[in-house]
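[1] Structure for the following, please:
(one chain, ligands or ions: 1)
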Amino acid sequence: MFFAQVLTLFPEFFDSPLNCSIPKRAIADGAVAVDCIQIRDFATGKHKNVDDSPYGGGPGMLMKVEPVVAAIAEARKRQPNTHVVMLTPTGNKFNQAKALEYIDKESITLLCGRYEGFDERVVDYVDEELSLGDYVLSGGEPAAMCVLDAMIRLLPGVLGSPESAVLDSFTEEGMVDWPHYTRPEVFDGKVVPPVLLSGDHAKIEAWRKEQARLRSKKHKVSR
Ligand code: SAM
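    Numbers count the residues shown, from 1 in each chain. All right, here's what the predicted structure looks like:
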């Protein structure tokens, strides 16, 4: 079983997405366990504050270093070989290769920020900083859920057909999937490419390979 942990101020964020479709089945079948650790449980003081204003002034609040580092220590205690990933817009870019790299580990811990982000000293306690892309989310939770979802579908036995994940876009470097069609044969005057109805498997494979090549080229240019 693969062990995923999420350090968050909003564990309830994950209730719905982990409770439907592929993640729900993967958890029920024991392919993965996802445990949320509430960062606030590690805050000290009367008010259990997890945020404070930045030194030097400026807008917004920051996640305090002490509760975050204590939550990371708890995650490492529960899963000693866990790979701790801090979600931040300025980290390494997440992609399919990263998802494949992560499922080869024993466990992953995803650290979600809120407010204006983390006290910079948190960086010394994590193994990697990871970004979903060059845009700013209001919290790390949606980013963590994307990482979890991309990983979970790659775990052995999770997808009905193991071939599906192998044929997915980006599994082979720089290559994207070919176009797919299902019934009806004609919709609004748009027809399914005749080769797909030909029953000639060699021709179908050649057509798919060529379409994937063309789409990969287009994808590269548009990035
Ligand atoms: N002040 C920060 C900045 O401009 O870089 C943004 C902080 S953001 C409002 C709050 C939290 O959301 C971050 O600490 C991080 O955990 C998460 N987050 C926002 N955008 C993200 C992205 N593109 N990838 C991963 N995490 C992100």
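
[2] does Pro89 sit in a helix, a strand or a coil?
    Three-state assignment for Pro89 (DSSP: H, G, I helix; E, B strand; the rest coil): strand.

[3] from what I can see, Gln5 looks like it's in a strand, true?
    Yes. Assessed with three-state DSSP, Gln5 lies in a strand.

[4] what pLDDT, on average, does the longest helix anywhere in the chain get?
    Secondary structure of the chain per DSSP state H: the longest helix is helix 201-222. Computed over helix 201-222, the mean pLDDT rounds to 93.

[5] nearest residue to His219 other than its sequence neighbours?
    Val176 (5.0 Å; CB to CB, 6 or more residues apart in numbering). In this view, the C-beta of every residue, glycine as well, is placed from N, C-alpha and C.

[6] Contact residues of this structure facing the ligand?
    By the rule CB under 6 Å from any ligand atom, the part of the chain lying against the ligand is 87-90, 112-114, 116-118, 131-133, 135-140, 143.

[7] and the gap between the residue nearest to His219 and the ligand?
    Distance from Val176 to the ligand, counting by CB to the nearest ligand atom, to the nearest Å: 22 Å.

[8] wait, that residue sits on Lys217?
    No. Taking contacts as CB atoms under 8 Å, Val176 lies outside contact range of Lys217: 9.5 Å.

[9] For the two, indicate the residue with more neighbours.
    More crowded of Val176 and Lys217, by other CB atoms under 10 Å: Val176, with 19 against 12.

[10] doesn't Thr35 fall inside a strand?
    Thr isn't right for residue 35; it's Asp. Yes. Asp35 sits within a strand when classified using three-state DSSP.

[11] what's across from the closest residue to it other than its chain neighbours in the sheet?
    Distances taken as CB to CB, 6+ apart put Gln5 closest to Asp35, at 5.0 Å, once the chain neighbours are dropped. Listed beta-bridge partners, Gln5: Asp35, Thr109 (assigned using DSSP bridges).

[12] In this structure Gln5 contacts Ala75, no?
    Yes. The criterion here is CB under 8 Å, and Gln5 meets it with Ala75 at 5.0 Å.

[13] what residues do those two have in common as contacts?
    Jointly contacting Gln5 and Ala75 under the rule CB atoms under 8 Å, 6 or more residues apart in numbering are 37, 82, 109.

[14] Next up, the contacts around the closest residue to the ligand within the chain.
    Nearest to the ligand, among the residues of the chain, is Gly113, at 2.2 Å (CB to the nearest ligand atom). Going by CB under 8 Å, 6+ apart, Gly113 touches 63, 86-88, 139-140.
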